[in-house]
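Engineer: Just a sequence and a predicted model for now, questions to come.
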Amino acid sequence: MAIRLIDPLDTPGWDQSLLDTGDWAFFHTAAWASVLVETYGYKPVYFVSFEHDKLTAVVPTMQVTSILTGKRAVALPFSDWCQPHYSTPDQLEKVKREALRYGKYAAWKYIEWRHSAFATQESVPWRIYVTHDIDLKRSEKDLLGALGPSRQRNIKKAIREGVSVEFSTSTDCLQIFYRLHCLTRKRHGVPPQPFAFFKNIARLILATGYGIIVAAWYHHRMIAASIFFHFGENVIFKYGASDRSYQELRANDLVMWEAIRWYRDRGYSKLNLGRTDPLNLGLIRFKRDWGADERPLPYFRCDVPTGQFKRQVFSNNRAIQRFLSLLPISFLRALGSFAYRHLG
């Protein structure tokens with residue numbers, strides 16, 4: 001089996017090749033690669049193999065070159081998870097060896113892989129998150145019945161209060177969403193991604209049929225919204241935002257429920273709710289309340305020069321987040337525009 005290095009943006013029919021594998025992963029698509037390349041200038045280095053023109057292995061990485069954080073590979077930046085596609089464990093090991101060989105040639109500090117498939121007896125996790133999946137192959141009645149009692153009450157309340165839900169892919173809707181995104185990131189003490197990132201999402205993902213915005217409106221005002229990406233039969237919840245002054249209307253719950261119904265009715269099979277820090281017990285409870293299956297999501301960092309795996313030294317960022325939450329949104333936007341390119 002020969003391992004090749006490709007750029008999916010220069011590979012005609014790349015997304016169709018992914019679909020033909022039956023192993024659907026949105027983050028592998030050329031659309032997502034385009035967003036990362038055009039926003040941050042990362043270099044795609046995808047390790048693949050073909051057999052009789054059929055894709056048999058894929059380990060996508062992006063080379064991040066930064067004066068602040070060094071030169072390294074991430075699979076993939078700003079992607080909650082990024083599973084490899086492979087046929088046998090031996091095949092995956094061969095791809096990993098080739099990635100390390102190339103990494104030495106390219107002078108990478110490390111390679112970060114974001115999936116449990118990279119776990120071995122030697123591969124100590126850099127960090128472990130959790131992730132949640134909702135089975136959409138159930139009936140609407142069963143999906144509703146699997147929700148926690150508070151979720152069911154909140155959905156009914158939002159409807160009773162007159163909250164409506166709109167499905168959109170428009171740039172105008174995305175601009176309004178971005179205002180909520182900035183408010184939400186400030187509340188959490190985290191800089192927002194630059195608007196250029198979301199403009200590229202609108203142009204390269206939403207406009208090409210790979211995602212939707214699900215927005216809740218109240219008296220002609222957007223009060224909550226989420227962005228979902230989809231590919232093959234799978235969906236991922238990527239970004240959520242809301243106006244806290246309308247929190248009592250429980251619009252976030254209605255947005256999630258209507259998205260579940262929308263994707264279920266169109267034949268999708270699984271909705272992933274993204275990654276969660278295991279210390280964020282409130283968010284974990286929220287995701288469990290949707291009848292989701294929970295599983296660990298380890299990240300691995302392999303030091304390229306030595307081939308050894310690293311473990312993150314725990315750091316508490318709450319003080320930093322509290323400080324950032326006090327700063328004006330204009331400053332946080334400028335900070336995000338500068339920092340995210342280096343943090344990918």
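Structural biologist: Arrived safely, thanks for sending.
Engineer: which stretches of the chain have low pLDDT?
Structural biologist: For the chain, applying pLDDT under 70 flags the ranges 314-316.
Engineer: biggest strand in it by residues?
Structural biologist: strand 54-66 (DSSP state E).
Engineer: Now the element after that one, going C-ward?
Structural biologist: Sequence order places strand 70-75 as the next helix or strand after strand 54-66, per DSSP states H and E.
Engineer: Please enumerate the helices of this structure.
Structural biologist: 14-21, 30-40, 89-106, 140-145, 149-160, 171-188, 195-201, 251-265, 281-288, 318-324, 329-343 (DSSP state H).
Engineer: Distance from the chain centre to the third one, please.
Structural biologist: The offset between the C-alpha centroid of helix 89-106 and the centroid of the whole chain comes to 24 Å, using CA atoms, centre = their mean, to the nearest Å.
Engineer: what do you get for the second one?
Structural biologist: In terms of CA atoms, centre = their mean, the centre of helix 30-40 is found 13 Å from the chain centre.
Engineer: Now do the buried residues in that helix.
Structural biologist: Neighbour-count burial for helix 30-40 flags Ala30, Ala31, Trp32, Ala33, Ser34, Val35, Leu36, Val37, Glu38, Thr39, Tyr40 (criterion: 16 or more other CB atoms under 10 Å). No exception for glycine: its C-beta is placed from N, CA and C like everyone else's.
Engineer: That one packs against which elements?
Structural biologist: If contacts are counted by 3 or more CB pairs under 8 Å, 6 or more residues apart in numbering; DSSP states H and E, helix 30-40 sits against helix 14-21, strand 43-51, strand 54-66, helix 195-201.
Engineer: JSON lines for these, including mean neighbour count and distance to Leu143?
Structural biologist: Output for the helices and strands packed on helix 30-40, formatted as JSON lines (neighbours: other CB atoms under 10 Å; distance: least, CB to CB, whole Å):
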{"stretch": "helix 14-21", "mean neighbour count": "17", "distance to Leu143": "26"}
{"stretch": "strand 43-51", "mean neighbour count": "19", "distance to Leu143": "35"}
{"stretch": "strand 54-66", "mean neighbour count": "20", "distance to Leu143": "31"}
{"stretch": "helix 195-201", "mean neighbour count": "19", "distance to Leu143": "27"}
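Engineer: Including distance to Ile329, could those go into JSON lines?
Structural biologist: Shown next, in JSON lines, are those (distance: least, CB to CB, whole Å):
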{"stretch": "helix 14-21", "distance to Ile329": "36"}
{"stretch": "strand 43-51", "distance to Ile329": "31"}
{"stretch": "strand 54-66", "distance to Ile329": "25"}
{"stretch": "helix 195-201", "distance to Ile329": "12"}
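Engineer: Could you list the domains of this structure?
Structural biologist: What automatic domain parsing lists as the domains of the chain is 4-130+296-312, 137-268.
Engineer: Out of those, which gets nearest to Arg322?
Structural biologist: Of all those, it is domain 137-268 that lies closest to Arg322, at 5.9 Å by CB to CB.
Engineer: Could you find the closest non-adjacent residue to Lys270?
Structural biologist: Asn234 (5.0 Å; CB to CB, 6 or more residues apart in numbering).
Engineer: Would you mind confirming that that neighbour is in contact with Gly22?
Structural biologist: No: between Asn234 and Gly22 there is no contact under CB atoms under 8 Å: 11.1 Å.
Engineer: For the two, indicate the residue with more neighbours.
Structural biologist: Asn234 (19 against 9; other CB atoms under 10 Å).
Engineer: Beta-bridge partners for the more buried one, please?
Structural biologist: For Asn234, the beta-bridge partners are Phe231, Lys270 (DSSP bridges).
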